[in-house]
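[1] Build me a structure from this.
(4 chains)
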Number of protein chains: 2
Amino acid sequence: MTEIMSTISEAEQRFQWIYQALRSRIVLLDYEPGTRLSEEQLAEEFKVSRTPIRRVLNRLEVEGLLEIRRGAGNFVTEVSMPELLEVFELRMELVRLMDVLAPKAATQDLLKRLQVLQNACLEIADDPKPKRRFAELNVEVFLSFMELVGNQALREVQEQLFYRTARMWPYLLAEEQVAHEAKLLHAEISEAVRLLANNHYPSFGHLYRCHLAMASQRLAMMQTTGV
Amino acid sequence: MTEIMSTISEAEQRFQWIYQALRSRIVLLDYEPGTRLSEEQLAEEFKVSRTPIRRVLNRLEVEGLLEIRRGAGNFVTEVSMPELLEVFELRMELVRLMDVLAPKAATQDLLKRLQVLQNACLEIADDPKPKRRFAELNVEVFLSFMELVGNQALREVQEQLFYRTARMWPYLLAEEQVAHEAKLLHAEISEAVRLLANNHYPSFGHLYRCHLAMASQRLAMMQTTGV
DNA sequence: ATTAATATATTTGTATACAACTTAAGATTA
DNA sequence: TAATCTTAAGTTGTATACAAATATATTAAT
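    Here you go, the predicted structure:
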């Protein structure tokens, strides 16, 4: 018995693997809204039967990323602007709580990883798919920031809401805007790292809140201009 | 085709039926923490196969009410005091947002139903299981108040967190305290109805926040006194 | 040609047999 | 007696055949 006793069962690992793969594809718009996900095809791709696939699809439905229609198919949900704004509003308020509820200090490791992400922002333009790459980095930056949330419940809620709005970037962003957004993200990470290194937590919360607020404004603008 | 075209499929209805039944049993402590839920037994009780049962159990696991251990069984989770306090802290902050994010005015129908619940508080003592009855009313009161939340995302989050803490009442409350708690709940509903009837929303949010704060304090006390 | 009805094909939901894993009791050995 | 290994029973996870619902293509009637 020289094996390492993994606390996570093989079945759970397989679930997480498929789940995160599909969620990522939806969030990064590899599957565009309206796309039909065939259980049989997915089962073939992941070399499993329909049963574990269906478990994943059900979870994605609960999280609002998928609509399961019996006899018809499993469809990636559309990006609804009113819903997006609503969730954004809530997320902005929740960020405030990061300062209040059990904030954690940033580890050296986290700061390092943020700097890696920061540098990656400068290379977005060189990527074959800049928009997708930007969205990908946006996810990683978010998840890094979430490590600072000590209240586990708040963390789970924020993550769930994040994935519900994460599609807006690749969905609404025009290719020519990506470079500009990349610069903004770079600047934000830079500022965040500076504040976190000095344990200036309240300011960090404020910073992230501004980030969301600006995004929300742009969302609203795009709505009125009818994008 | 005289049938009413139901927007909810039969399968979805069956799911909701089983899901709500099991959740209720866990939350009202009909299933005490640690209880093993046999898929086969449940399948027999609800006259379905294991497949739809397993879908429900998976959902309950995501919501933190069930722990699924392969080869061993599905166990109702223990009530963890640190987790309870953490979730409570978050709920207290979220209540604040009710005033901010799209509050809805109370309908006459809602006020009537609250008054019915209010009166029901006076008859808790006559119930064969007062503690269980109190917990049941507590759920209904909460769900009524949630109708005032216009932001759908906030509502979903609050409901999910509520069910994660709802067990504390039947779990921690001693039988002799039920009468006292019933009185408090009665008074709170009374006050809430008064405020809502006058469209005094901010005060209502404050009221509910006090309710949670007191509950949280009592939780902390029970912890220190080692109940 | 258009429309409605019908039949066929496709897809998700359910039931069920079997595989993989866990637990606990019993046998075995020191 | 105590500890350890083995075995068997019981449970959840997976694969698969079939049922139910939906969408599509075909056909017939107007």
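
[2] Next, the contact list for the closest residue to A:Tyr163 other than its chain neighbours, please.
    Sequence neighbours aside, A:Val27 is the residue nearest to A:Tyr163 in space, at 6.0 Å (criterion: C-beta to C-beta, 6 or more residues apart in numbering or on different chains). In short, each C-beta sits where N, CA and C put it, glycine included. A:Val27 makes contact with A:65, A:135, A:139, A:163, A:166-167 under the criterion C-beta atoms under 8 Å, 6 or more residues apart in numbering or on different chains.

[3] Tell me the one of those nearest A:Arg209?
    Checking the contacts of A:Val27 against A:Arg209 with C-beta to C-beta, the nearest one is A:Ala166 at 17.6 Å.

[4] Could I get the contacting residues of the closest one?
    A:27, A:135, A:138-139, A:142.

[5] now these: which count as buried?
    A:27, A:135, A:138-139 (16 or more other C-beta atoms under 10 Å in any protein chain shown).

[6] Closest one of those to B:Glu45?
    The shortest gap between B:Glu45 and any of the buried ones among the contacts of A:Ala166 belongs to A:Val27, at 38.9 Å (C-beta to C-beta).

[7] buried sites along the helix or strand harbouring A:Arg23?
    Secondary structure from DSSP states H and E places A:Arg23 in helix A:10-27. By neighbour count with 16+ other C-beta under 10 Å, helix A:10-27 contains the buried residues A:14-15, A:18-19, A:22-24, A:26-27.

[8] again with stretch A:133-146
    A:133-139, A:141, A:144-145.

[9] okay if I get these as CSV plus distance to B:Gln152 and pLDDT?
    Output for the buried residues of stretch A:133-146, formatted as CSV (distance: C-beta to C-beta, whole Å; pLDDT from 0 to 100):
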residue, distance to B:Gln152, pLDDT
A:Arg133, 32, 97
A:Phe134, 28, 96
A:Ala135, 25, 96
A:Glu136, 28, 97
A:Leu137, 29, 97
A:Asn138, 24, 96
A:Val139, 24, 97
A:Val141, 27, 96
A:Ser144, 29, 96
A:Phe145, 25, 94
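
[10] And these, which is closest to A:Gln158?
    Among the buried residues of stretch A:133-146, and counting by C-beta to C-beta, the member closest to A:Gln158 is A:Phe145, at 9.2 Å.

[11] which residues does that closest one contact?
    Contacts of A:Phe145 (C-beta under 8 Å, 6+ apart): A:192, A:208.

[12] circling back to that earlier point, just the contacts of A:Val27: which are in strands?
    Among these, no member falls in strands (criterion: DSSP state E).

[13] Now flag whichever of those is closest to B:Gln217.
    Using C-beta to C-beta, the contacts of A:Val27 come closest to B:Gln217 at A:Tyr163, 34.7 Å.

[14] and the gap between the closest one and A:Leu28?
    For A:Tyr163, the distance to A:Leu28 equals 11 Å [C-beta to C-beta, to the nearest Å].

[15] again, but for A:Asn58
    A:Asn58 sits 21 Å away from A:Leu28, going by C-beta to C-beta.

[16] Between those two, which is the more surrounded one?
    A:Leu28 (21 against 18; other C-beta atoms under 10 Å in any protein chain shown).

[17] now check the lowest-mean-pLDDT helix or strand in chain A, is it near chain B?
    When the helices and strands of chain A are scored by mean pLDDT, DSSP states H and E, helix A:201-224 comes last with a mean of 82. No: using C-beta under 8 Å from any C-beta of the partner chain, helix A:201-224 never reaches chain B; the gap is at least 12.9 Å.

[18] Would you mark the buried spots in that helix?
    Buried residues in helix A:201-224 (16+ other C-beta under 10 Å): A:201, A:204-205, A:207-209, A:211-212, A:215-216, A:219, A:222.

[19] residue ranges with poor pLDDT in chain A?
    A:1-7, A:223-227 (pLDDT under 70).

[20] Pull up the residues of it that are close to chain B.
    Residues of chain A lying near chain B (C-beta under 8 Å from any C-beta): A:9, A:11, A:55, A:58-59, A:62, A:70, A:83, A:86-87, A:89-90, A:93, A:97, A:100-102, A:151-154, A:157, A:161, A:164.

[21] can you do 7 Å?
    The interface of chain A toward chain B, taken as C-beta under 7 Å from any C-beta of the partner chain, is made up of A:9, A:11, A:55, A:58, A:70, A:86-87, A:89-90, A:93, A:97, A:100-101, A:151-154, A:157, A:161.

[22] Straight-line length of stretch A:74-82, end to end?
    Using C-alpha to C-alpha, to the nearest Å, the end-to-end distance of stretch A:74-82 comes to 23 Å.

[23] at contact distance from DNA strand C, anything in it?
    Yes: using C-beta under 7 Å from any atom of the strand, stretch A:74-82 reaches DNA strand C at A:Asn74.

[24] ok, residues contacting that stretch?
    Stretch A:74-82 is contacted by residues A:26, A:31-37, A:39, A:57, A:64-69, A:167-168, A:171, A:223 when judged by C-beta atoms under 7 Å, 6 or more residues apart in numbering or on different chains.

[25] And for stretch A:32-46?
    Residues contacting stretch A:32-46 (C-beta under 7 Å, 6+ apart): A:18, A:31, A:49-50, A:53-54, A:57, A:73-79.

[26] Would you state the helices of chain A in chain order?
    A:10-27, A:39-45, A:50-62, A:81-100, A:108-122, A:130-146, A:152-165, A:168-172, A:178-197, A:201-224 (DSSP state H).

[27] Select, out of the ones you listed, the one closest to B:Leu111.
    Comparing the helices of chain A under C-beta to C-beta, the one sitting nearest is helix A:81-100, at 26.0 Å.
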